[in-house]
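Trainee: Next input, structure requested:
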Amino acid sequence: LSAMAGGGETLYVDDVFSAYTYTGNATARTITNGIDLAGKGGLVWFKNRGSAYDHVLQDTVRGLNGSGGYTLTTDTTNAHFNSSGTVTSFNSDGFSINTGAPVNENNVGQVAWTFRKAPKFFSQATATVTGGADATVSFSDLATLGMVVAKRTDSTGSWYVWHRSLTAGKLLYLEQTAAEATLGHITVSGTTVTLEGGVIANGTYIVYAWAHDTGTDGLIQCGSFTTDGSGTATVTLGWEPQYLLFKNSSGTQDWRVCDASRGFTAKGSTDAMLYPNLTSAEYGGNSQIYTTATGFGVDSLQDTQTWV
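Mentor: Numbering: from 1, shown residues only. From the prediction side, this is the model:
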């Protein structure tokens, strides 16, 4: 579970995170969200809200090639591929995109979640596993790791997810509904991530990492909650979140994303859910998640289940 809030003495959430909604117009355009991707680097995660298209991830580490960027899709195990229809430039105040589907389909709603590289918030790196030897990546700038996602880019391969609240030695798959499983593909010690040679396949990987910061000026927290017999729970963060990514770790359920720009609001309101493991269009028919001034609550989600 990853949640973000504004605040902080020198760094505000608007400097590092954006949940930006727009309507596609099938015309090359610039999205201005105030995030410095050109100077600081980061990740842009797109989803077409009205049509069944893949989730599209592009980042400044893998970069651009010609008229497009190297695309990964969280709902598949595909290798990354060069797409001329998505990001064409990373800018000092957002990014530019090309025409058409999936990120600019005419007259169709879109969302772009942007995570800027920043201390105690988010970072990313590439790593290569060769000859069955371990490959390590240090994320010391994050101070405490909350969630790590590793995906092979040069060939097919699963999205391996480590989360601080999972059972020790277990991981999740981002492209699957499966519960946590005993997997040894990636391990975490302090702020060092190891891609375990001999377990994970030889190849090139992108590693995304999010922090966990419970300080008074913290921007992100990664935790867990367990629903009661009625499927309810209350989570206290100390601030009202803007974004929530969560997955039932003890059972077989879809991954889910909600955010303030699409209706992640008060109790009884309708949430607009998207599912990272599915191509499905946005589903706006539930009111299971709601924000509070100090966190969020859950209504009738799933009887007695643990979520991260």
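
Trainee: how about the closest residue to Gly263 other than its chain neighbours, secondary structure?
Mentor: Spatial nearest neighbour of Gly263, chain neighbours left out: Ala272 (4.5 Å); criterion: CB to CB, 6 or more residues apart in numbering. (Glycine included, C-beta is placed from N, CA and C.) Three-state call for Ala272 (DSSP: H, G, I helix; E, B strand; the rest coil): strand.

Trainee: And Gly39, by the same measure?
Mentor: Using three-state DSSP, the structure places Gly39 in helix.

Trainee: Just give the number of residues close to it.
Mentor: Counted with other CB atoms under 10 Å, the neighbours of Gly39 add up to 11.

Trainee: Does it touch Asp93 like I think?
Mentor: No. With contact defined as CB atoms under 8 Å, Gly39 does not reach Asp93; the gap is 10.0 Å.

Trainee: does the residue nearest to Gly263 really touch Arg262, like I thought?
Mentor: Yes. Here Ala272 reaches Arg262: they are 3.9 Å apart, a contact under CB under 8 Å.

Trainee: hey, what's in contact with both of the two?
Mentor: Residues touching both Ala272 and Arg262 (CB atoms under 8 Å, 6 or more residues apart in numbering): Arg49, Glu282.

Trainee: low-scoring stretches of the stretch 201-308 of the chain, by residue?
Mentor: Within the stretch 201-308 of the chain, the stretches falling below the threshold (pLDDT under 70) are 266, 268-270, 285-287, 303-305.

Trainee: show me where it has strands.
Mentor: All strands of the stretch 201-308 of the chain, identified by DSSP state E, counting those that start in this stretch, fall at 203-211, 220-222, 225-226, 233-236, 243-246, 256-259, 271-273, 283-286, 289-292, 295-298, 306-307.

Trainee: show me where the stretch 1-150 of the chain has helices.
Mentor: Here the stretch 1-150 of the chain has its helices, by DSSP state H, counting those that start in this stretch, at 13-16, 37-40.

Trainee: nearest to Ala181, of the strands of the stretch 201-308 of the chain?
Mentor: Taking CB to CB, strand 306-307 is the member of the strands of the stretch 201-308 of the chain nearest to Ala181, at 14.4 Å.

Trainee: How far off centre is that closest one?
Mentor: 17 Å (CA atoms, centre = their mean, to the nearest Å).

Trainee: what does that strand rub up against?
Mentor: Strand 306-307 has contacts (CB under 8 Å, 6+ apart) with Leu1, Ser224, Phe225, Thr226, Thr227, Phe246, Lys247, Asn248, Ser249, Ser250, Leu301.

Trainee: Out of the helices of the stretch 1-150 of the chain, flag the one nearest Asn202.
Mentor: Ranking the helices of the stretch 1-150 of the chain by proximity to Asn202 (CB to CB) places helix 37-40 first, at 30.6 Å.

Trainee: which helices and strands does the closest one pack with?
Mentor: Packed against helix 37-40 by the contact rule (3 or more CB pairs under 8 Å, 6 or more residues apart in numbering; DSSP states H and E) you find strand 87-91, strand 109-116.

Trainee: The last one pairs with which strands, parallel or anti?
Mentor: Partners of strand 109-116 in the sheet, by DSSP bridges, are strand 17-23 (antiparallel), strand 42-48 (antiparallel).

Trainee: quick one, which of those strands is packed in tightest?
Mentor: The highest mean neighbour count among the strands paired with strand 109-116, using mean count of other CB atoms under 10 Å, belongs to strand 42-48: a mean of 25.

Trainee: Just the CA coordinates for it, please, in PDB.
Mentor: C-alpha atoms of strand 42-48 as PDB (Å, rounded to 0.1, in the frame of the first residue of the first chain):
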ATOM      1  CA  GLY A  42      11.300   9.900 -13.100                       C
ATOM      2  CA  LEU A  43       8.500   7.600 -14.200                       C
ATOM      3  CA  VAL A  44       5.200   8.300 -16.000                       C
ATOM      4  CA  TRP A  45       2.500   5.600 -15.700                       C
ATOM      5  CA  PHE A  46      -0.400   6.000 -18.100                       C
ATOM      6  CA  LYS A  47      -3.800   4.300 -18.300                       C
ATOM      7  CA  ASN A  48      -6.600   4.900 -20.900                       C
END
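
Trainee: Let me know the angle separating that strand from strand 203-211.
Mentor: Orientation of strand 42-48 against strand 203-211 (axes from the mean of the first three to the mean of the last three CA atoms, to 10 degrees) gives an angle of 90 degrees.

Trainee: Specify the angle between strand 42-48 and strand 87-91 in degrees.
Mentor: Using the same axes, to 10 degrees: strand 42-48 against strand 87-91 is 140 degrees.
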